[in-house]
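[1] No letters, just coordinates:
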């Protein structure tokens, strides 16, 4: 249930785990030199399969960067949570006065979300919305040359991390986020279209309970 909530957050935003780049260098230069940006590493350097770096203005390019970062972070939460839920690990106690966490633990995470009371869904989505407002309202907006969105819950200061280490962490975050986005889309596809993802088609937890 809490996993599927995060899946929904992929469409818009979510809290983060790793630091954002603090570079405020020329946006035009950054658009051209993709190999110098965090996230450009083997086996897929200059990662831009749809050619989005050449679409629109510098502001558009920064928006694409922030969107990839946020959605990658949300996808990592979703994949981790999906696996944890699928393993039957759950909170103790009651989700609501009528629904216990244990009663949902044996279900597919997507089926769990369907059984969460509407009030609970609203609270989860409201938390995601607040996180989005926080990231969009800090200092100079990233589309105007400010820092890309940083951490929200919890807020962690990475200002003491040297540039080389920060870039390495950002590259790891982006690459893991890209893989996680592919993974969670695969989970959802297999749930809705059995057999769509042969690698996981024989695993019960990826199908409706």
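    Looks like it arrived, so ask away. Nothing here was measured: the structure is a model prediction, and the numbers come from that model.
[2] CA atoms for contacts and neighbours, from now on please.
    Fine.
[3] Off-centre distance for stretch 197-209?
    Offset of stretch 197-209 from its chain centre (C-alpha atoms, centre = their mean, to the nearest Å): 22 Å.
[4] contacting residues around that stretch?
    Contacts of stretch 197-209 with the rest of the structure, by C-alpha atoms under 8 Å, 6 or more residues apart in numbering, involve 86, 107-108, 110-111, 186-192, 194-195.
[5] among these, which ones are buried?
    86, 107, 108, 110, 111, 186, 187, 188, 189, 190, 191, 194 (16 or more other C-alpha atoms under 10 Å).
[6] Export those residues as CSV, with columns for secondary structure.
    Below are the buried ones among the contacts of stretch 197-209 laid out as CSV (DSSP: H, G, I helix; E, B strand; the rest coil):
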residue, secondary structure
86, helix
107, coil
108, coil
110, helix
111, helix
186, helix
187, helix
188, helix
189, helix
190, helix
191, helix
194, coil
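[7] Spatially, which two of these are the most separated?
    107 and 186 (18.2 Å; C-alpha to C-alpha).
[8] ok, and for stretch 141-148, which residues are buried?
    Residues of stretch 141-148 classed as buried: 141, 142, 143, 145, 146, 147, 148 (neighbour count, 16+ other C-alpha under 10 Å).
[9] Out of those, which is nearest to residue 81?
    Lowest distance from residue 81 to the buried residues of stretch 141-148 (C-alpha to C-alpha) belongs to residue 148, with 25.1 Å.
[10] Quick check, central residue of the chain?
    residue 74 (1.9 Å; C-alpha atoms, centre = their mean).
[11] Run a quick neighbour tally on residue 121.
    For residue 121, the neighbour count with other C-alpha atoms under 10 Å is 17.
[12] Show me what the strand or helix carrying it is packed against.
    Residue 121 belongs to helix 118-136 when assigned by DSSP states H and E. Packing contacts for helix 118-136, counted by 3 or more C-alpha pairs under 8 Å, 6 or more residues apart in numbering; DSSP states H and E, involve helix 2-10.
[13] quick one: average pLDDT of the helix it packs on?
    What helix 2-10 shows for mean pLDDT is 43.
[14] Ok, stretch 47-62 next?
    Mean predicted confidence for stretch 47-62 is 77.
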